[in-house]
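In: Provided below are the primary sequence and the corresponding predicted coordinates.
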Amino acid sequence: MSDAEPSNAVVNFARRDARDKLRGRTRFTVDQVGPGTLHGFILRATVPSARIVKLDTSAARKMPGVRAIVTAQDAPGKFGIGIADQSLFAGDVVRYHGEPIAAIAADTLQQAKEAAAAIDVGLEAIPSVLTMADALAPDAPLVHEDWKNYDVILEAEGAKRGGNIAWEATVHRGDTDAAFSRNDVHIIESSYRVGRQIHMQLEPRAAIASCEDGRIHLIASTQAPWTVKNVTARTLGLPPSQVRVTTPPVGGGFGVKYGCSVEPYAAALARATGQTVVLINSRQEEIQTCLCRENADIHIRSAVTGDGQIVGREATVLMDCGAYGGEQIYLTTMTAHTLGAGYRLGAVKMTSRAVYTHTAPNGAFRACNGVYNIFALERHTDEICGAIGMDPLEFRRRNVLGDGDIGSTGQVFEGNVLGPMLDCMEAMSKSAASRKSDAEGRLYGRAVTVGTWFVFVGPSAATVNLNPDGSATVVTAGVEIGQGTMMQSLPQIVAAKLGLHPEDIIVKAADTDAAGFDVGVGGGRTTVPPPPSPATRCARKFSMSQARCYRPVPSTWFFRTVVWKSSEGKEPAPRSPMLPSTLSR
């Protein structure tokens, strides 16, 4: 063992999964399909808005190889992250092109597709709203006519909802009207529009479901095993204890696998057939139904004095959540951090609205909500500098948050980070040679931007087991999605606390039967959750226990090795070095 010092947490530790991944030996979810597994396929709507007037599966059920077909009546439960507004299948109404109507399990994927084509679906088109402008227009058709009846899961002070506004979150500090009424300020207004972005991770969303001892077992390519467990149970009307989720290595996620997607459909088919069912999205299905980074409209208005003080700021962000609230309900609350962070503000008022449209639902995508808000904020900041005639670097240096400053939400910041960072950027910019000659006629320039991010909050759990051979096993619901958290970060952190080498730390693959609740891998929260991390706390407790339980052996004591032999004269297997044969005095 080495000394348990924090500095030992950073070592030249090669990724333990690199060799297998390079040689193609890593087994992702799509590689776990065994012989005899049924194949699932989802029949999806081909229009954005319609009433379902007919759904006849009788002919499809009689087709060769078909084992089961499930529809809305087999999964009546509603789910959601902030609002329980979504069902697995469209029951009476279709709300987006690609919405699931039925799922089929058959001996082969081709048979499942042919059965889907044989299902008789009658749709009656109804008016749709495909843009946020359409959805917010007076007398616009409602995407959810029964929105008042949905269960609200996310309770937030001051939040509003109604009609095609799925959720509205507002942060208001100080008197913005007074700030903008001052006669010594410049008022700068900016508007930006950004489109959707798709993750395009290498491994599509996939799940393998089976029924074991009356419970459902899901092998899922997910960033959030416990979310999959709870949503699957809710939609199928089961206690969460009846669903187990295990997660092999994940072939990329970037946020698209932070929620629940194909897993409940596979589970419903496994329950209906009593057999193992695999459901893997095609690339077309990934693109068609992907939980994209949402398209958004951002409007910012600032009141700034001639010497560069931001005395007031107002902002409105419209976020297209698609047909269902999903992640965007939660993301509306993040605008105050992403759009309101970075700079000292006087009075501030920021409003975010998640808007329903008849389009595919959106979701999390790396630094969700932050990427386009930081883009808009920094473009707006440059426009402020142009309006008041101040150097962009100097303006930022005067206004970035520092130790003791108050953010837009009232949060008090600790430490000076952004100011020294700008000084470092200036020094690097001056010392770096121009590469304008490499532009070959294209636009060339340098920019100064300030971006901040915060770690997602939420519960996590970890167990650290000390093994007889001197190694340790970390049990957690964290998932390796390619970022190295489970392969590099946690082994080094736990090893440093226990005084071990990272090679002696085993990180068990996520299993909800073995690991405690975890919100999921995203937003940097696995390695750096609200400090310290659960794995770090466990390791710290172990190191303290070791100090209490293991006393130095007196110099008058010595170990004597004894070789035991059986009556047949055979030597047994070597004993653990942690368990000496005899202790003599």
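Out: Arrived safely, thanks for sending.
In: kindly provide the distance from residue 389 to residue 301.
Out: As for residue 389, its distance to residue 301 is 20 Å (criterion: CB to CB, to the nearest Å). In this view, the C-beta of every residue, glycine as well, is placed from N, C-alpha and C.
In: okay, those two: which has more neighbours?
Out: More crowded of residue 389 and residue 301, by other CB atoms under 10 Å: residue 301, with 18 against 9.
In: is it true that that one lies in a helix?
Out: No - looking at residue 301 with DSSP: H, G, I helix; E, B strand; the rest coil, it is strand, so not inside a helix.
In: wait, what's in contact with it?
Out: 180, 187-190, 313-315 (CB atoms under 8 Å, 6 or more residues apart in numbering).
In: quick one: the strands in the stretch 151-300 of the chain?
Out: All strands of the stretch 151-300 of the chain, identified by DSSP state E, counting those that start in this stretch, fall at 151-152, 160-162, 165-173, 185-194, 206-212, 215-220, 243-246, 277-280, 296-305.
In: hang on, the earlier thing: can you flag the buried ones in the contacts of residue 301?
Out: Buried positions within the contacts of residue 301, assessed by neighbour count (16 or more other CB atoms under 10 Å), are 180, 188, 190, 313-315.
In: can you tell me which of the residues you listed is closest to residue 219?
Out: Comparing those against residue 219 with CB to CB places residue 315 closest, at 43.3 Å.
In: what residues are up against the closest one?
Out: Neighbours of residue 315 in contact, by CB under 8 Å, 6+ apart: 298-301, 335, 339-340, 349-351.
In: just those: which has the poorest pLDDT?
Out: Within these, residue 340 has the lowest pLDDT, namely 86.
In: residue contacts, the residue nearest to that one when sequence neighbours are not counted?
Out: Using CB to CB, 6 or more residues apart in numbering and skipping residues adjacent in sequence, the residue nearest residue 340 is residue 408, 3.0 Å away. Shown in contact with residue 408 (CB under 8 Å, 6+ apart): 171, 173, 336-337, 340-341, 345, 348, 350.
In: ok, residue 36 touching residue 277?
Out: No - applying CB atoms under 8 Å as the test, residue 36 and residue 277 come out as separate, 10.9 Å apart.
In: those two: which is more packed in?
Out: Set residue 36 next to residue 277 and count neighbours by other CB under 10 Å: residue 277 wins out with 28 against 8.
In: check what pLDDT that one gets.
Out: Residue 277 is assigned a predicted lDDT (pLDDT) of 98.
In: any idea how far residue 227 is from it?
Out: Noted for residue 277: a distance of 20 Å to residue 227, by CB to CB.
In: sorry, back to before: save the buried ones among the contacts of residue 301 as CSV, and put in distance to residue 433 and pLDDT too.
Out: Formatted as CSV, the buried ones among the contacts of residue 301 follow (distance: CB to CB, whole Å; pLDDT from 0 to 100):
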residue, distance to residue 433, pLDDT
180, 44, 98
188, 34, 98
190, 33, 98
313, 37, 97
314, 42, 97
315, 38, 97
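In: and the residues you listed, which two are furthest apart?
Out: 180 and 190 (14.9 Å).
In: quick one: low-confidence parts of the stretch 401-550 of the chain?
Out: 529-550 (pLDDT under 70).
In: out of the strands of the stretch 151-300 of the chain, indicate the one that is most buried.
Out: strand 277-280 (a mean of 26; mean count of other CB atoms under 10 Å).
In: neighbouring strands for that one, and are they parallel or not?
Out: Sheet pairing of strand 277-280 (DSSP bridges) gives strand 38-44 (parallel), strand 206-212 (antiparallel).
In: figure out which of the ones you listed is closest to residue 88.
Out: strand 38-44 (9.7 Å).
In: keeping just the C-alphas, turn the closest one into CSV.
Out: C-alpha atoms of strand 38-44 as CSV (Å, rounded to 0.1, in the frame of the first residue of the first chain):
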residue,chain,number,x,y,z
LEU,A,38,-37.1,-12.5,-30.2
HIS,A,39,-36.8,-9.2,-32.2
GLY,A,40,-38.9,-6.2,-31.4
PHE,A,41,-40.1,-3.5,-33.8
ILE,A,42,-42.1,-0.3,-33.2
LEU,A,43,-44.9,0.8,-35.5
ARG,A,44,-44.8,4.6,-35.6
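In: just the residues contacting that strand, thanks.
Out: By CB under 8 Å, 6+ apart, the residues outside strand 38-44 that reach it are 67, 97-109, 111-113, 115-116, 119, 121, 262, 265-266, 269, 273, 275-279, 285, 288-289.
In: give me the mean pLDDT for that strand.
Out: For strand 38-44, mean pLDDT is 98.
In: next SSE downstream of that strand?
Out: The C-terminal neighbour of strand 38-44 among helices and strands, as given by DSSP states H and E, is strand 50-56.
In: for that following strand, which strands pair with it and how are they oriented?
Out: Going by DSSP bridges, the partners of strand 50-56 are strand 93-94 (antiparallel), strand 120-125 (antiparallel).
In: report how many residues lie close to residue 424.
Out: Number of residues near residue 424 (other CB under 10 Å) recorded here: 10.
In: pull the CA atoms of the helix or strand where it lies into PDB?
Out: If you go by DSSP H and E, residue 424 is part of helix 418-431. Provided in PDB are the C-alpha atoms of helix 418-431 (Å, rounded to 0.1, in the frame of the first residue of the first chain):
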ATOM      1  CA  LEU A 418     -12.700  33.900 -14.400                       C
ATOM      2  CA  GLY A 419     -10.500  37.000 -13.900                       C
ATOM      3  CA  PRO A 420      -7.200  35.100 -13.800                       C
ATOM      4  CA  MET A 421      -8.500  33.000 -16.700                       C
ATOM      5  CA  LEU A 422      -8.900  36.100 -18.800                       C
ATOM      6  CA  ASP A 423      -5.400  37.300 -17.900                       C
ATOM      7  CA  CYS A 424      -4.000  33.900 -19.000                       C
ATOM      8  CA  MET A 425      -5.900  34.100 -22.200                       C
ATOM      9  CA  GLU A 426      -4.500  37.600 -22.900                       C
ATOM     10  CA  ALA A 427      -1.000  36.400 -22.300                       C
ATOM     11  CA  MET A 428      -1.400  33.300 -24.500                       C
ATOM     12  CA  SER A 429      -3.000  35.500 -27.300                       C
ATOM     13  CA  LYS A 430       0.000  37.900 -27.300                       C
ATOM     14  CA  SER A 431       2.500  35.100 -27.400                       C
END
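In: buried stuff in that helix?
Out: Buried residues in helix 418-431, counted by 16+ other CB under 10 Å: 418-419, 422, 425.
In: hmm, who's touching that helix?
Out: 342, 393, 396-397, 400-402, 446, 448, 450, 452.
In: by neighbours, which of the residues you listed wins?
Out: Neighbour max across these (other CB under 10 Å) = residue 396, 25 neighbours.
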